[in-house]
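Peer 1: Fold the following for me, if possible:
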Amino acid sequence: MAAEIQIANLVKAYANGTKALKGVNLEIEKGQCFALLGPNGAGKSTMVGILTTLVETDAGSFSIAGIQPQKDAASLQKVIGVASQENELDPVETAENLLVFQGRLFGMDKALARKRASELIHTFRLSDEREKKAECLSGGNKRRLHCALALMHRPRVLFLDEPTVGMDPHARAKFWEVITQLNREQGVTVFLTTQYLEEAEKHASSMALLINGQIKYAGSISCFKNLVNPAGSLSLDESYLAFADSMKADLSIS
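Peer 2: Next up is the predicted model:
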């Protein structure tokens, strides 16, 4: 398959000069569910911010679906959907109105936006919340609404930055039913960051391990587990911890 996301020598430094990303190279194939893993402070959210055009890079380049942001940022924004860590919702608007407004921002007429909003309300099981103001929603329902907003314009690449934080186990399971269907049946490429490694192991087909701004592993999850323990008896969680223990110097930021 052709690479849907191509990243070359990506560098990003903090204001104090410390580098958040130190020359990241990565390719993600079309239609994959990809997990970017690493400790807190490793640069995962920074990388998502750059790839979604919310953060400027200091050096390097990337393309998504063959589109380079430097040449056509508007087209790039149309093919990606973003559910970031923060639930950035207008607190006084209802769930339904927020979805309709999002659709209108992407050029839908009002009737089409309402139809699409209703589809997503049903898909994410938000029917009882559709007329509630965002400020009245539970944390888990806010997360589901945020993900629904990211899908209003039917993106071909979906960025999920810690998407299930605040969801109870039942809500997490239902959420992943939706994302798995999008990925497997509709071919949406999913770029996931998560600290729930059991989620990554269950739903992702490939991964990269970002530690201290550098990619330490990129490939399939099964190959990573085999690399850490050729006997093949460890889970991804156990393999990650074993790998981390071997790199304690690099993990001093966590």
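Peer 1: Would you map the helices across the stretch 101-250 of the chain?
Peer 2: 110-123, 139-150, 169-186, 197-203, 221-228, 236-245 (DSSP state H, counting those that start in this stretch).
Peer 1: got TSV for those helices, with mean neighbour count too?
Peer 2: In short, each C-beta sits where N, CA and C put it, glycine included. TSV is the format used below for the helices of the stretch 101-250 of the chain (neighbours: other Cβ atoms under 10 Å):
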stretch	mean neighbour count
helix 110-123	16
helix 139-150	22
helix 169-186	15
helix 197-203	18
helix 221-228	17
helix 236-245	17
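Peer 1: Using CSV, lay out these together with distance to Asp58.
Peer 2: Formatted as CSV, the helices of the stretch 101-250 of the chain follow (distance: least, Cβ to Cβ, whole Å):
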stretch, distance to Asp58
helix 110-123, 36
helix 139-150, 27
helix 169-186, 32
helix 197-203, 28
helix 221-228, 29
helix 236-245, 27
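Peer 1: In TSV, list these along with distance to Leu54 and mean pLDDT.
Peer 2: Below are the helices of the stretch 101-250 of the chain laid out as TSV (distance: least, Cβ to Cβ, whole Å; pLDDT from 0 to 100):
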stretch	distance to Leu54	mean pLDDT
helix 110-123	22	96
helix 139-150	13	90
helix 169-186	21	89
helix 197-203	23	94
helix 221-228	28	93
helix 236-245	27	90
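Peer 1: Out of these, flag the one nearest Ile50.
Peer 2: Nearest of those to Ile50, taken as Cβ to Cβ: helix 139-150 at 17.2 Å.
Peer 1: Against which helices or strands is the one helix or strand Ile50 maps to packed?
Peer 2: Assigned by DSSP states H and E, Ile50 belongs to helix 44-51. Of the remaining helices and strands, those touching helix 44-51 by 3 or more Cβ pairs under 8 Å, 6 or more residues apart in numbering; DSSP states H and E are strand 3-13, strand 19-29, strand 33-37, strand 59-64, strand 157-161, strand 189-193.
Peer 1: mind checking which of those is nearest Met247?
Peer 2: Here strand 33-37 is closest among the helices and strands packed on helix 44-51 (Cβ to Cβ), at 13.1 Å.
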